[in-house]
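# 3D model of this:
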Amino acid sequence: MTEAIVHRWTASDGVELAWHELGEGSAVILLHGLFSDAPMNWLNFDHAQRIAATGRRAIMPDLRAHGLSGKPHSPDAYPHAILVRDLNELIAHLGLADFDLGGFSLGARTVVQAVGEGLRPGKAVLAGMGLRGLQNWGKRQAFFREAIANFDTSSRGDAHWLAIQFMKTMKVDREAAGLVLGSFADMDSDWLKAFTMPTLVVCGSEDEDNGSAKELAEALPDARFVEVPGTHMSSVTKAELGEEIARFLAA
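Numbers count the residues shown, from 1 in each chain. As a prediction, this is how the structure comes out:
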């Protein structure tokens, strides 16, 4: 398997964004989680490689304020649902008519809103996300804002310690991260009804960060739930995550 190729493009507001691409075949777009990037969620632990090996073209954006993508510090660059707008613009930029779409955590939240507002992938994957996590963004946002505020003062054992250590590992731009947090809102109650396509809900066996993924699967019209090993943080490192997604997309 060859290395992923990095491409860059410019969104309609002038912000330069990046995506990573691996493999050939029908397209699947994979969105990473908060404070992460495409390599960390999809490439470093071979998930994209497993998917690409089934004959797929894996397209993995670095979301705005993350990874190799632009991290503007102007609030104007983070209007409501900006990540959905970026996703729709990337699909148009690539000229994709048929594609599957998946996301982990924040990526799954973005998939839910995109599908709820009209995007129609052939299949959908929601990883590391539960029903409660889509309904209580205010509480989750407050937690991450506190983590940013306590970045330099938190100590081992604090509630925000692990999140802060991850931010440090990823060299997160805290100002941009704080701004992108404000671009999300709670799920519209009708969004889940739009998931008429086959959907995989996959989550770590010890991951309750966003509530029950099983409940989320049960709330969708055509979904199956699969449990893989790990917590919200560690499940991304497990081969089972990529294996389950690859198997679902290839079926």
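# all helices of the stretch 51-200 of the chain, in order?
Under the criterion DSSP state H, counting those that start in this stretch, the stretch 51-200 of the chain contains helices at 82-94, 106-116, 131-135, 137-149, 161-169, 174-181.
# What's the local residue count around the closest residue to His66 other than its chain neighbours?
What sits nearest to His66 in space, not counting adjacent residues and going by Cβ to Cβ, 6 or more residues apart in numbering, is Asp37, at 5.2 Å. For the C-beta atoms, the positions are set from N, CA and C on the backbone; glycine is no exception. Neighbourhood size, Asp37 [other Cβ atoms under 10 Å]: 24.
# So which of the helices of the stretch 51-200 of the chain is the most surrounded?
Across the helices of the stretch 51-200 of the chain, averaging neighbours per residue (mean count of other Cβ atoms under 10 Å) puts helix 106-116 on top, at a mean of 25.
# Extract the C-alpha set from that helix and format it as PDB.
Backbone C-alpha positions of helix 106-116 (Å, rounded to 0.1, in the frame of the first residue of the first chain) are rendered in PDB as follows:
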ATOM      1  CA  LEU A 106     -16.700  15.100  16.200                       C
ATOM      2  CA  GLY A 107     -16.600  13.600  12.800                       C
ATOM      3  CA  ALA A 108     -19.700  11.500  13.500                       C
ATOM      4  CA  ARG A 109     -21.400  14.600  14.800                       C
ATOM      5  CA  THR A 110     -20.600  16.300  11.500                       C
ATOM      6  CA  VAL A 111     -21.900  13.300   9.500                       C
ATOM      7  CA  VAL A 112     -25.200  13.400  11.500                       C
ATOM      8  CA  GLN A 113     -25.700  17.100  10.800                       C
ATOM      9  CA  ALA A 114     -24.700  16.800   7.100                       C
ATOM     10  CA  VAL A 115     -27.000  13.900   6.500                       C
ATOM     11  CA  GLY A 116     -29.800  15.600   8.500                       C
END
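# who are the neighbours of it, in terms of helices and strands?
The helices and strands touching helix 106-116, judged by 3 or more Cβ pairs under 8 Å, 6 or more residues apart in numbering; DSSP states H and E, are strand 26-31, helix 82-94, strand 99-104, strand 124-127, helix 131-135.
# Report the rounded mean pLDDT for that helix.
Taken as a whole, helix 106-116 has a mean pLDDT of 97.
# Stretch 77-86 too?
Stretch 77-86 shows a mean pLDDT of 98.
# next one: phi and psi at the residue nearest to His66?
phi -160, psi 180 (degrees, to the nearest 10).
# Look up the pLDDT of it for me, please.
At Asp37, pLDDT is 98.
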